[in-house]
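Enquirer: Fold the following for me, if possible:
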Amino acid sequence: MSMLIICIIGMFVLLLEATWLRQVAIFEIAPNLSLILVVFWSILQGSERGRRFGLWIGLLQDFLFCKVIGFYGLVYYVLGHVCGYFKRDFYKGHYILPFLIVSAADLIYGMLHYVFYGFFQGKLNIGFYLQEKILPEMFYTALISLPFYLVLYLLSRGLEHFERFLKSGKEKKL
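Expert: Alright, predicted model coming up:
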């Protein structure tokens with residue numbers, strides 16, 4: 001049930017990124033909401049669900065917006081897996097560690113994007129790319145992530161309570 005709801009939210013986020021966020025971009029830099037969603041879902045639900053959701057949203061993004069299928073699927077799969085390890089390491093009500101994890105994940109995402117879409121195409125000026133694309137997107141994404149985490153945290157808790165309620169109802173019938 002929770003995967004269905006987060007997948008619907010993921011499709012909505014991809015639509016937002018493709019339409020409205022392009023309009024509010026600052027110097028052609030928009031926050032990466034799909035990355036935020038993958039990272040926070042992984043932190044809140046663990047590596048297994050983070051991997052599955054990361055692969056799903058990444059492949060959906062590949063099919064909708066890219067010429068090469070699999071890049072975003074692989075990147076989000078790996079980020080979902082790695083960020084899922086933080087599930088057990090912190091109290092989920094705190095906001096500093098998720099903020100730092102999103103920043104690090106966006107930096108890694110930006111560097112991988114540069115390597116595969118910049119470096120291999122002959123764009124060797126990493127300093128320019130870092131200064132003009134990677135770091136501004138990282139700061140913008142991290143700033144946007146704080147209210148996003150609160151909403152996902154509350155949604156995740158609500159879905160956990162709902163799933164426990166459904167499970168307890170099934171057990172009583174048996």
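
Enquirer: quick one, phi psi at Pro31?
Expert: phi -70, psi 150 (degrees, to the nearest 10).

Enquirer: Would you mind finding the longest helix in this protein?
Expert: Ranked by number of residues, the top helix in the chain under DSSP state H is helix 135-173.

Enquirer: got the buried residues for that one?
Expert: Within helix 135-173, the residues that qualify as buried are 136-138, 140-142, 144-145, 148-149, 152-153, 155-156, 159, counting by 16 or more other CB atoms under 10 Å. The way it works is simple: take the backbone N, C-alpha and C, and place the C-beta from them, glycine included.

Enquirer: how much distance is there from stretch 13-26 to the middle of the chain?
Expert: Mean-position distance between stretch 13-26 and its chain equals 15 Å (CA atoms, centre = their mean, to the nearest Å).

Enquirer: actually stretch 16-27, not the one I wrote
Expert: 17 Å.

Enquirer: May I see the buried residues of that stretch?
Expert: Counting neighbours by 16+ other CB under 10 Å, stretch 16-27 gives 17, 21 as buried.

Enquirer: For Gly58, grab the count of nearby residues.
Expert: By the other CB atoms under 10 Å criterion, the neighbourhood of Gly58 contains 26 residues.

Enquirer: Could you do Tyr114 as well?
Expert: Tyr114: 17 neighbours (other CB under 10 Å).

Enquirer: what does Gly80 give?
Expert: So Gly80, with other CB under 10 Å, has 30 neighbours.

Enquirer: Find the nearest non-adjacent residue to it, please.
Expert: Distance criterion CB to CB, 6 or more residues apart in numbering; nearest residue to Gly80, sequence neighbours excluded, is Gly54 at 2.9 Å.

Enquirer: Run through the residues that contact the one you found.
Expert: 38, 42, 73, 76-81 (CB atoms under 8 Å, 6 or more residues apart in numbering).
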